[in-house]
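Participant: got a predicted structure here, sequence first:
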Amino acid sequence: MAQGQSASDVVTLRYAGFLLRLVAALIDLGIVWIFTWLVSAFLGVSFLAATPEELADTTTLHVLISVTMFGSWLYFSVMESSPMQATLGKAFMGLYVTDMRGSRLTFINASARHWFKLLSTAIFFLGYLMAIFPPRRQGLHDMLAGCLVCKR
């Protein structure tokens, strides 16, 4: 311990394992899917049962994709930088996101983590699978953003 630091000041972080994170991600995926469904209903597009003619209207499709990406970015970044430090899926599973010192993320840091998930996804989800092996259980997006996912 550093000088002037008491034992009560030291926080032990318990890193979240891959399976807990996977279940939390599936819950969050369901929430984003419901959001997408609601937006598509508002736009008058049956996103899941769209006809080829409806999907040929690329303007509506692009608006729907843009709104979904914007909404998911806000959902993840606002929730993970909030005092709760977790999305609804992570909170349900007893997980939270911190920076490398165990502190709450800033909105910018949470946003970086969210957008780095595109890279983790683009390489055939290997960026997510990386969370199985490192001692801190970090995925590629966590490493790049300097974040940790921990258990409460």
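Facilitator: Thanks, I have it. Residues are numbered from 1 along each chain as shown.
Participant: gap between the least confident helix or strand in the chain by mean pLDDT and the chain center?
Facilitator: Lowest by mean pLDDT, DSSP states H and E among the helices and strands of the chain is helix 52-56, with a mean of 74. Put simply, helix 52-56 sits 30 Å off its chain's centre (C-alpha atoms, centre = their mean, to the nearest Å).
Participant: then that helix to CSV, C-alphas only?
Facilitator: Below are the C-alpha coordinates for helix 52-56, written out as CSV (Å, rounded to 0.1, in the frame of the first residue of the first chain):
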residue,chain,number,x,y,z
PRO,A,52,-37.9,-7.2,-51.2
GLU,A,53,-39.6,-4.0,-52.4
GLU,A,54,-39.4,-2.5,-48.9
LEU,A,55,-35.8,-3.4,-48.5
ALA,A,56,-35.1,-1.9,-51.9
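Participant: and the following helix or strand past it, what does it pack against?
Facilitator: Going down the chain from helix 52-56, the next helix or strand is helix 58-81, by DSSP states H and E. Packing partners of helix 58-81 (3 or more C-beta pairs under 8 Å, 6 or more residues apart in numbering; DSSP states H and E): helix 18-43, helix 107-122. C-beta: built from backbone N, CA, C; applies to glycine.
Participant: tell me the angle the longest one makes with helix 107-122.
Facilitator: I take that to be helix 18-43. 100 degrees (axes from the mean of the first three to the mean of the last three C-alpha atoms, to 10 degrees).
Participant: avg pLDDT for helix 18-43?
Facilitator: Mean pLDDT, helix 18-43: 92.
Participant: quick one: buried residues of it?
Facilitator: Neighbour-count burial for helix 18-43, counted by 16 or more other C-beta atoms under 10 Å, picks out Leu20, Arg21, Ala24, Ala25, Ile27, Asp28, Ile31, Val32, Phe35, Thr36, Val39, Ser40.
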